[in-house]
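S.K.: model the structure of this input:
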Amino acid sequence: MIPETVLKQIQDRLDIAEVVGGYVPLKRAGRHFKGLCPFHSEKTPSFMVNPTKQIFHCFGCGEGGDVIAFVMKYERLEFPEAVRALGARAGVEIPTVRGAAASRPSDTTVLMQALEFATAFFQRALQQPAGAEARVYLERRGVSVESVQTLRLGWAPESWEALMTAAQAGGIAPATLERIGLVVPRDSGAGWYDRFRGRVIFPVWDPKGKVVGFGGRVLDDSQPKYMNSPETEIYTKSRIVYGLHLAAPAIREQDCVAIVEGYLDFLIPYQLGVRHLVASMGTSLTPDQIQLLRRYTKRVVMVYDGDYAGELATLRGLDLLLGEGMQVRIAELPVGEDPDSAARRLGAEGFGQLLTGAKDLFLYKLDILRRRHDPTTAEGKVTICEHLLPTIKRVPNAVQRSEYVRALAEVLRVSEAALWTEIGRVKLEGTARWQPAASAPVSQAVSAERLLLGLVMDDVRYLTQVQAAEVLELCQDLAVQEAFTALMAAAEAGEEAVQAVLQQLKHGETASIVAQAMMLSEPIEETGRAVEDCLRRIHKNSQQRRLVELQGKIRSAEAAGDDEEAAALIGAVNQLVKLKA
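M.R.: The predicted model follows:
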């Protein structure tokens, strides 16, 4: 529905390396840019961006495509939504679709609109007379009017159906509210009721600043103190870090992120001017959250409440950060204090000094363990090692691991060799990360087909040569078949149609295969000879597959005693062998 001329205009105005670099740290690698893939877990960069061909491709998981495909995959957007976002960035006006299609927003859009409606509803409720007590609570906690507006804080009225009634009046069905976790079905099965009631509301955003869920806090100490949105189609808690969309510029600038636990732990330091700050929303950090933060920095400062900073079970979870190559430090707070109260007591400068003086995670854990367990006794030494050796083993840098072993050996007065022996016995648990299914190895035959596609994508004039060679039905790779079929059909309609298909292939369903094909053709200089070689290999591979098929049939005919069939098949094999010669 969006004209190809508009898509081309967007892609001409945008540099894919600049766009992708806004999401993923990239480094120049010859003519390309290289970085860690945002679509799967990896520690060695295999994600490449080609600024000349304006494509990206990961050699680890196989994802690839153009700048539109990247934004669609990363932001999980529909094609029109991604184009609109890029159009705004490029300063290109996207024509409004008219007719029936314009009146049918995507499913994602419907849910996001409902979330936005709820956010505005809670904001209005906070400013109404019924929200007076909540406003007093926020003022008492030191939350400024400006922060209330910036963070879009709200109030859920003490009513069973206030939000649902308002949403229905606005044309939003209760079933839609249920899908985003804002209403709960009644046990009787007759109707719904509001999930959040009598709570201060904290909207939760995705990294681009779109509201995806909510947290609600009571005004007293009743339990549960906090209530959060359940996981939905839009909101996956393990992949969200609170406040990241606000903190990202400062995190990049300072090359460091400070992590606190709760909403107010984030809010008070942030409004004082400590901007490189995010919150984990009361949970241990997940591998997905760590990967998200790793796009911005590798330096982390954890700011724990003083009343549980020494809990080793909690600290053990931070070993995940080390395993992902992060540099982790811990900022110590006095017992009974949290980042919220510490920021109000110390001010921006003092809180900043607290972060600057944070201890290395290993040394911090060592200090705690030395206070709890006597390092002069055999029992104490064993216990300290049980807690610290898994931490050391997770450190990816060999030099840093060696320094930690040296320091621990000195404190415990044991040999480094003994510690290295015990490290070798440590079995790491609870750190298994999700990995995408390994891509099937690309056969030599398929490789030739993809290289041929890449060469044609680079220079569409070779398409006539591919047509004349009649290799379309010989291709094993269905994605390559689809691409060539689309190009050949477009060729009958003229050059403009071919260019349109070339654009579509880079962000369509076969975008990853197309990107790989274009990467394969990158180093080729004698393209004409390469095209001929690919065509020859495709024919040869087809003949080889046919030969294997005939040989199998011959064995079957001979086993069945069908001499006539076997003779005919042998004749076909001889003909095929002559052709190959």
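S.K.: give the contact list for residue 420.
M.R.: residue 405 (CB atoms under 8 Å, 6 or more residues apart in numbering). Bear in mind the C-beta positions are built from the backbone N, C-alpha and C, glycine included.
S.K.: what helix or strand does it sit in?
M.R.: Secondary structure assigned from DSSP states H and E places residue 420 in helix 416-425.
S.K.: go on, residue 369?
M.R.: helix 361-372.
S.K.: residue 191 touches residue 174, doesn't it?
M.R.: Yes. Here residue 191 reaches residue 174: they are 7.5 Å apart, a contact under CB atoms under 8 Å.
S.K.: of those two, who's got more company?
M.R.: A count of neighbours by other CB atoms under 10 Å puts residue 174 above the other of residue 191 and residue 174, at 19 against 12.
S.K.: partner residues bridging the nearest residue to that one once chain neighbours are set aside?
M.R.: Here the nearest residue to residue 174 in space, its sequence neighbours aside, is residue 192; by CB to CB, 6 or more residues apart in numbering that works out to 4.7 Å. Beta-bridge partners for residue 192, by DSSP bridges, are residue 185.
S.K.: show the contacting residues for residue 192.
M.R.: Counting by CB under 8 Å, 6+ apart, residue 192 has contacts 161, 164, 174, 177, 178, 183, 184, 185, 186.
S.K.: tally of neighbours for the second one?
M.R.: Meaning residue 164. 22.
S.K.: per-residue confidence at it?
M.R.: As summarised for this prediction, residue 164 has a pLDDT of 95.
S.K.: and it, what element?
M.R.: Taking DSSP H and E as the definition, residue 164 sits inside helix 162-169.
S.K.: from the chain's centre, how far out does that helix sit?
M.R.: Helix 162-169 sits 34 Å away from the centroid of its parent chain (CA atoms, centre = their mean, to the nearest Å).
S.K.: next one: stretch 344-357
M.R.: 32 Å.
S.K.: ok, back up a step: please identify the buried residues of the helix holding residue 369?
M.R.: Going by neighbour count (16 or more other CB atoms under 10 Å), the buried part of helix 361-372 is 361, 362, 364, 365, 366, 368, 369.
S.K.: what's the answer for stretch 205-223, then?
M.R.: Quick answer for stretch 205-223 (16+ other CB under 10 Å): 205, 206, 207, 211, 212, 213, 214, 215, 216, 217, 218.
S.K.: with stretch 407-415 instead?
M.R.: 407, 408, 409, 411, 412, 414.
S.K.: I'd like those residues as CSV, with pLDDT, distance to residue 55 and secondary structure appended.
M.R.: Conversion of the buried residues of stretch 407-415 to CSV gives the following (pLDDT from 0 to 100; distance: CB to CB, whole Å; DSSP: H, G, I helix; E, B strand; the rest coil):
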residue, pLDDT, distance to residue 55, secondary structure
407, 93, 47, helix
408, 94, 48, helix
409, 94, 51, helix
411, 93, 52, helix
412, 94, 54, helix
414, 92, 54, coil
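S.K.: just send those residues back as JSON lines, with distance to residue 48 too.
M.R.: Shown next, in JSON lines, are these (distance: CB to CB, whole Å):
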{"residue": "407", "distance to residue 48": "39"}
{"residue": "408", "distance to residue 48": "40"}
{"residue": "409", "distance to residue 48": "42"}
{"residue": "411", "distance to residue 48": "45"}
{"residue": "412", "distance to residue 48": "46"}
{"residue": "414", "distance to residue 48": "46"}
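S.K.: quick one: what helix or strand has the nearest residue to residue 361 once chain neighbours are set aside in it?
M.R.: If the residues on either side of it in the chain are set aside, residue 361 comes closest to residue 328, at 4.0 Å by CB to CB, 6+ apart. Using DSSP H and E, the element containing residue 328 is strand 327-331.
S.K.: quick one: mean pLDDT for that strand?
M.R.: Mean predicted confidence for strand 327-331 is 90.
S.K.: same question, stretch 56-75
M.R.: 90.
S.K.: gap between that stretch and the chain center?
M.R.: 11 Å.
S.K.: distance between the ends of it?
M.R.: Criterion CA to CA, to the nearest Å; first-to-last residue distance in stretch 56-75 is 16 Å.
S.K.: then stretch 158-178?
M.R.: Start to finish, the residues bounding stretch 158-178 are 19 Å apart (CA to CA).
S.K.: ok, residues contacting that stretch?
M.R.: Residues outside stretch 158-178 that contact it (CB under 8 Å, 6+ apart): 110-111, 113-114, 117-118, 121-122, 125, 130, 156-157, 182-185, 191-194, 196-198.
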